[in-house]
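[1] No sequence on hand, only this structure:
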């Protein structure tokens, strides 16, 4: 059985289209991380400014000055230190960016002129203990991981669509079936497909983690994601956790999205005799939720957001309110993924066995 699984595994990765998709995903992952790092900007309010590595150094130095629990006194000091000393020409000071820490404070505690807006920490964060530190690098990494997750889903579709659709009428499949039997051949295909999907997912995540540690270090993993620059205030996660916990959630949900996509690919691969038709159908099924007229306020959103597309879009799934016992609603993606994968394997097994030569 092991040799049969290895044979099916090698068939997946020998295909030119699979190799091209993997190379494209690798290049996009590396270039996205590198561009995000290079485009970072920060100034310390005393004349020192820069981008890329210099920006990260400045952001870390500013954050270190105010590291620890966020207090009203720290808020006042940051507002005073970074109050705009230039003419904003009518621009709201909330959106005036100098560095990540300054932006985090101004987004919540500044009025249009850059003065204190009268709100205290308890008013903004509801009494939560907010730990301040350098989080910008890992927040950016999380956003990059979300984009890579969507690309990864299409790569898995490209990889797994030929698993069954490329075998109808194939001579090697007839020989293997005669030697090992239908059940073992189908099981080997499914096992090889799942292993390939998880292997590629783990590879992309490891590359992203390696780049993040190289660019930003481990700084920030223990600090709150709620205290984030203005660009993360809207569309971010509405409840508190550390960056490290957020990344762990995202890794879990990325694997669950890969499992769900694999289930979809298996079904359409077994049902469609043409690889082109199977790929088109898989892509259509995966992206279909984008066409559904379901807003985040709708009662149906809690169910739609568990579909594979939204499992890939980490922030959409994590934006759903926590359950009453404090658990994250996103954890429902785990049973949903097993349902997609298990159901997909069962349906594809039955469909392919019934049509197999």
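    Cool, the structure landed. Everything quoted here is computed from the prediction, not taken from an experiment. Numbering: from 1, shown residues only.
[2] How far does stretch 99-106 sit from its chain's centre?
    Counting by C-alpha atoms, centre = their mean, to the nearest Å, stretch 99-106 is centred 24 Å from the centre of its parent chain.
[3] which residues are in contact with it?
    If you take C-beta atoms under 8 Å, 6 or more residues apart in numbering as the criterion, stretch 99-106 is touched by 42-45, 55, 58-59, 62-63, 66, 75, 78-79, 81-82, 93-94, 96-97, 114, 132, 134-136, 227-231. Every C-beta, even on glycine, is put in place using the N, C-alpha and C of the backbone.
[4] cutoff 6 Å now
    42, 59, 62-63, 75, 78, 82, 94, 97, 136, 227-230 (C-beta atoms under 6 Å, 6 or more residues apart in numbering).
[5] For the stretch 51-200 of the chain, just list every one of the helices.
    Using DSSP state H, counting those that start in this stretch, the helices of the stretch 51-200 of the chain run over 53-65, 72-81, 100-109, 121-125, 136-160, 162-165, 171-180, 182-216.
[6] want to try TSV for those helices, with distance to residue 264, mean pLDDT and mean neighbour count as columns?
    Listed next are these as TSV, based on distance: least, C-beta to C-beta, whole Å; pLDDT from 0 to 100; neighbours: other C-beta atoms under 10 Å:
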stretch	distance to residue 264	mean pLDDT	mean neighbour count
helix 53-65	39	93	19
helix 72-81	48	92	16
helix 100-109	38	91	25
helix 121-125	40	88	15
helix 136-160	8	92	23
helix 162-165	12	82	25
helix 171-180	22	47	13
helix 182-216	11	90	19
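[7] And the ones you listed: which comes nearest residue 283?
    Residue 283 lies closest to helix 136-160 among these, at 6.3 Å (C-beta to C-beta).
[8] Put together a markdown table for the helices of the stretch 51-200 of the chain, with distance to residue 21 on each row.
    Shown next, in a markdown table, are the helices of the stretch 51-200 of the chain (distance: least, C-beta to C-beta, whole Å):
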| stretch | distance to residue 21 |
| --- | --- |
| helix 53-65 | 32 |
| helix 72-81 | 46 |
| helix 100-109 | 35 |
| helix 121-125 | 43 |
| helix 136-160 | 4 |
| helix 162-165 | 12 |
| helix 171-180 | 23 |
| helix 182-216 | 9 |
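[9] and of these, who's closest to residue 20?
    Nearest of those (C-beta to C-beta): helix 136-160, 8.5 Å.
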